[in-house]
Every structure is written in C-alpha cells, then in structure tokens.
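> Everything below, folded, please.
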Amino acid sequence: MPSMRSSCLLLASIFAAVNAQANWPAGCETCKDVNKECKKESCEWGDYFKKNCKKTCTGCQACGPAPAPPPTPGPTVRRRKPTQPRRRRRSQPSSRRRSTRRRTSPPRRRRRSSSTRRRTISRRRRKPPSPPPPPKGPPKEPRYDCKLSSKFDGAVAQYASSNFCNCDYGGSAKCSFICGGTKPNHGGSCAPEACSEKLVEFDAENTYIINVKVSEGKTGAPYRAFSYMKDVKVPSATTFSFTFKSNKHNSMYSKIFFWGDGNNILGLKPPAAVGGSSTFCLAPSTDSPLSMVECKGGTMECKDDTWYRVDMALTPPGGIALSINGNSVGSMKIQGFTGMPMIGVYHWGPSGGMKEDYQLRFRDMCLGASSLTNG
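Here you go, the predicted structure:
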C-alpha cells in the first residue's frame, strides 16, 4: 500500500507540472516548477522569465537572495572641530535699491476716474502749509478797560492836570487815593513839594509814576513814596489788577503793594548785577535786610523797562492768588481785607544806600474785571 500511495503522488505531480507547462507562454517550456530542478546556476531565470514570459519558477528555495556582504570600511575622515560662524552684518538696502525693487514689481493700482486724478494733481501742486505764527505776546504799551466792582476808581489820568497832593485825609477832594509820604518821608500825607518837584507824576495814559531820587531816598531806612487806596471793599471774590514797569531798579528792595502793617503782598527784589532783571516776590517774609527776604508765595522775573500785567484774585476772608501776564505765580493769605491797601514804594537799601535814581510805573489800576483794549 505505501508503494502504491507514493506512486500516485508521483503521477499527480507529473500531471501538475505538465498542466502548468501547458499554461505557460511559448518559449517557456524548459522551466520546470519543481523544487528539485531549481539550481543555483538557474537563479537568474527569474529575471529572464519576468522580462520575457511574465512568470517565474515558484517554490525554488535555492534561488533565495544571498546574504549581503559586510560593508567595506571607507577611508578615515578627520573631522574639524566646529567653529562659531561669523555673523555678517547685513547692510541696510540703500534707497536706490529699495526704489529699484519697487519699480521692478510695482503694486497693482486700481484705475482712478478722471475727477479723482484731477483732485490728486491739484493737491500735489498745492504749496505746503506755512507754519503757524508764533504766539502773540503782550503789546509794548498795553491798555486795559475796567468794570468797577466798588467805589474805588483807578483812573488817574485826571491828576495829570490837577494837584494830586490835595488828595489827603481831609476828603475835600473827590479822590480814590491819598498821597502818602514821598516828601517829607513819613507815613502821613505828602506835602505839596511831592508834586511840585515831580516826585509823583501822572500822564494821559492813566499812569501813576513814582520817581525815586537819591536825594530823597538814599538811606532807605525805609523811604516811603506811596498812596493809600480808598473805597476798596471786598465783600465777595473779585480781582485787583494793574500794569507795572520799572526803570533802573538796580540796588534797592521795594515793597510795592501791601494791606497795612504785617500784610506784605508783593515786593520787587533788585537784580544780582546792575542792568539785570529784578524779581517779583509774592508774600515776602520780611522787609530787610535783603538777604533775609524770602518769597514764600512764589517769584517771577521782572525785566527792566518792560510792562507786566499783575492780577490778584481776592477771595474773602484773606485769600490772594497772583498771576502775571496770565502766568500763575502762587497764592497766599493775609489777615483780612480791612482798612486801606497801599501801593507805591517802601524801600530798604544796602549799607551803601542808593547809587542812582529809579522809577516805578502803575497803569490802569482796576478793582473788578479788566480787559485788554489794544491786544
């Protein structure tokens, strides 16, 4: 039985090979798809049949791929130690390069209408706007109107043709001022010589002029040339203002506005050198010596022969805020707005006394609302 079974298997394999050969294309009859017929010499048949017969011998273990040979070592390459690459500074492209780059690839633009093009051309032809003019400063000879808030009237042009020295405590003359000191040098009413010798003058531009002469005020311990201001009432908030100028004020400290003893409001400190600028001094701490005078409320430059508009906002019971030419200087407080304020000169000098005459001018004095008329 075993021999018969093996014979049957042999016949079956023979018939299978014959049937397989019958299905192969012409020229491929020599290929035998049996394991024992596969030899190493025929290992290239697979490529041949793949190109010509489109079939290969299957099941041929002898034609398996040979193991790859070990890699051949190549020449030894000496590696360099990596170095830090130098950073090259990129140069900024010149304006010519940028403009050239833009010309080579211009952006697409929408076609504008003829009216738009005309407007664009007209804009290009327009001249560039001129710079704005510098801010306008105060005029060289400023003048102010006044809307009175009390009976006090600062119009002094009337005294240019009348005798101001008649304005005294008696009240016979209708004056808003009382001429004080000047000549003789004391705290009472002035004598007729104060006007006849032109120590006190007035002009048609509503200016009260005090001429301080060495012959009268040399010692300065102190020298007084001032006026009491009558009918000044401050029941509610208001403003007292005047336009001020000094000439050759080079050596003396002058108190120019105060509300009685102990209520110093505004002083004028001399320059450090002759011909320099004086200094407005708000709330001076004392009268003398000059080295002890502190301006507790603030300071501002006062150039020689230059007009300044001085505004004092008065707020009961004793608040004062000072601004000069519209610039805030500071604020202070006094004991109250009772009695008569004083305007003019109370001056103290250095040990050597006065060296030359000087002049102070007060124009367009106003208790109320003032407005510039020639600005």
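
> Describe which strands the strand ranked longest in the chain pairs with in its sheet and in which direction.
Longest strand in the chain, counting residues (DSSP state E): strand 358-372. Within its sheet, and counting by DSSP bridges, strand 358-372 is paired with strand 144-148 (antiparallel), strand 207-212 (antiparallel), strand 238-247 (antiparallel).

> Redo those strands as CSV? Include mean neighbour count.
Yep, even glycine has a C-beta here, placed from its N, CA and C like the rest. What follows is those, written out as CSV (neighbours: other C-beta atoms under 10 Å):
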stretch, mean neighbour count
strand 144-148, 15
strand 207-212, 21
strand 238-247, 21
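
> For residue 371, find the nearest of the ones you listed.
Comparison of those against residue 371 by C-beta to C-beta identifies strand 144-148 as nearest, at 5.3 Å.

> right, and the helix or strand after the closest one?
strand 177-181 (DSSP states H and E).

> Please read off the pLDDT at the closest residue to residue 182 other than its chain neighbours from the model.
Once flanking residues are discounted, residue 182 sits nearest to residue 194: 3.8 Å by C-beta to C-beta, 6 or more residues apart in numbering. Looking at residue 194, its pLDDT stands at 95.

> where do the helices sit along the protein?
2-23, 45-52, 95-104, 114-125, 193-196, 214-217 (DSSP state H).

> rank the ones you listed by mean pLDDT and give me the bottom one.
helix 45-52 (a mean of 48).

> quick one on the thing from earlier: how close does the residue nearest to residue 182 get to residue 201?
Distance, residue 194 to residue 201, using C-beta to C-beta, to the nearest Å: 10 Å.

> what sits against residue 265?
Contact analysis of residue 265 by C-beta atoms under 8 Å, 6 or more residues apart in numbering lists 257, 258, 259, 282, 283, 312, 320, 332, 334.

> ok, back up a step: format the CA atom coordinates belonging to the longest strand of the chain as PDB.
Output of strand 358-372 as PDB, limited to C-alpha atoms (Å, rounded to 0.1, in the frame of the first residue of the first chain):
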ATOM      1  CA  TYR A 358      14.900 154.800  39.600                       C
ATOM      2  CA  GLN A 359      11.300 154.900  38.600                       C
ATOM      3  CA  LEU A 360       8.100 152.700  39.100                       C
ATOM      4  CA  ARG A 361       5.000 153.000  37.000                       C
ATOM      5  CA  PHE A 362       1.500 151.800  37.800                       C
ATOM      6  CA  ARG A 363      -1.100 151.900  34.900                       C
ATOM      7  CA  ASP A 364      -4.800 151.100  34.500                       C
ATOM      8  CA  MET A 365      -5.400 150.100  38.100                       C
ATOM      9  CA  CYS A 366      -8.700 148.200  38.400                       C
ATOM     10  CA  LEU A 367     -10.800 146.600  41.200                       C
ATOM     11  CA  GLY A 368     -13.200 144.400  39.200                       C
ATOM     12  CA  ALA A 369     -13.000 142.900  35.700                       C
ATOM     13  CA  SER A 370     -10.400 144.300  33.400                       C
ATOM     14  CA  SER A 371      -9.900 143.600  29.600                       C
ATOM     15  CA  LEU A 372      -7.100 144.400  27.200                       C
END
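
> Looking at the strands paired with strand 358-372, spot the one closest to residue 163.
Using C-beta to C-beta as the measure, strand 207-212 is the one of the strands paired with strand 358-372 that comes nearest residue 163, at 14.6 Å.

> hmm, who's touching the closest one?
Taking C-beta under 8 Å, 6+ apart as the rule, strand 207-212 contacts 156-157, 182, 198-203, 223, 225-227, 252, 343-345, 347, 354, 357-363, 365.

> One more: stretch 292-304?
Residues contacting stretch 292-304 (C-beta under 8 Å, 6+ apart): 244, 246-249, 253, 267-269, 275, 277-287, 308, 322, 324, 327, 329-332.

> redo that, cut-off 7 Å
246-249, 253, 267-269, 277-286, 308, 322, 324, 329-332 (C-beta atoms under 7 Å, 6 or more residues apart in numbering).

> Below-threshold pLDDT in the stretch 51-200 of the chain: ranges please.
51-129, 131-138, 171-173 (pLDDT under 70).

> what do you get if the cut-off is 90, keeping everything else the same?
When residues are selected by pLDDT under 90, those of the stretch 51-200 of the chain lie in 51-140, 161-163, 168-174, 186-187.

> again with the stretch 251-375 of the chain
For the stretch 251-375 of the chain, the ranges with pLDDT under 90 are 260-262, 274-275, 288, 348-355, 374-375.

> repeat that with 70
Residues of the stretch 251-375 of the chain that meet the cut-off, pLDDT under 70, do not exist.

> For residue 175, which non-adjacent residue is closest in space?
That would be residue 167: by C-beta to C-beta, 6+ apart, it lies 3.6 Å from residue 175.
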